[in-house]
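S.K.: dropping a prediction and its sequence here:
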Amino acid sequence: MDTVVQWNIRGFRSNFEELKLLLNRSQSAVVALQECRLGEGQVPPRGYTLLLPLGGSPWGEAALLIRNGTHFSEIDLKTGLHAAAATISLEKTLTVCSLYLPTNSPVSKLSLAELFEQLPKPFLVLGDFNAHSPAWGDSSRDGRGRMLEEFTAENEFIILNSGEQTFVHSAYHST
């Protein structure tokens, strides 16, 4: 069975070895990455194609890694948000979008709606939203979390999270 994985990698180059281990263990067909911080001439791990937003930042705030041999079609998104998307043929055809919403960048329901309208259905949006809500395992709720809760409810989207924490601080091992 093909899998889709999401990871805020916080530096493609600095976590390249861990990324290769993840790919080796999971054999994932698609990996949605955020905060890639790509350097000049950075190449994807062997056996994968790296998709960055067309016309986007060279830093690659959001990207997709797609296993070679997986049929896909890149989507040219018209958005100010950090997003990369492709329609992928796995057991079924679906669209996968990697989205990064930096903490210091404003985001609105309108900008999200405009992005989601461009995604052929069915779609998965995976990413780092920098939002807090008990809906995805956080003990607190902030304004962005509240807005995302409302947006998902208004659009009848489903949050695929078991309620487990989605972030572990690497230095302090806190969630």
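M.R.: Received, thanks.

S.K.: for the rest of this, base every contact and every neighbour count on C-alpha atoms.
M.R.: Noted.

S.K.: quick one: buried residues of stretch 83-99?
M.R.: 83-88, 90, 94-99 (16 or more other CA atoms under 10 Å).

S.K.: then stretch 114-132?
M.R.: So for stretch 114-132, counting by 16+ other CA under 10 Å, buried means 115, 116, 119, 123, 124, 125, 126, 127, 128, 129, 131, 132.

S.K.: average pLDDT for it?
M.R.: Mean pLDDT, stretch 114-132: 96.

S.K.: for that stretch, the distance to its chain's centre please.
M.R.: Computed by CA atoms, centre = their mean, to the nearest Å, the chain-centroid distance of stretch 114-132 equals 8 Å.

S.K.: who touches it?
M.R.: Identification of contacts with stretch 114-132 by CA atoms under 8 Å, 6 or more residues apart in numbering yields 6-8, 32-34, 75, 77-79, 81, 85, 87, 93-103, 138-146, 148.

S.K.: kindly recompute the last result at 7 Å.
M.R.: With CA atoms under 7 Å, 6 or more residues apart in numbering as the test, stretch 114-132 has contacts from 6, 8, 32, 34, 77, 79, 94-103, 138, 140-142, 144-145.

S.K.: filter these to the buried ones?
M.R.: Buried members of the contacts of stretch 114-132, counted by 16+ other CA under 10 Å: 6, 8, 32, 34, 77, 94-102, 138, 144-145.

S.K.: now, which of those lie within strands?
M.R.: Among those, the ones falling in strands (DSSP state E) are 6, 8, 32, 34, 94, 95, 96, 97, 98, 99, 100.

S.K.: give me the beta-bridge partners of the last one?
M.R.: Partner residues in beta bridges with residue 100, using DSSP bridges, are residue 82, residue 128.

S.K.: 6 is where my numbering starts, stick with that
M.R.: Renumbered: residue one is now 6, and that last one reads residue 105.

S.K.: correct me if wrong: it contacts residue 38.
M.R.: No. Counting by CA atoms under 7 Å, residue 38 is not a contact partner of residue 105; they are 8.5 Å apart.
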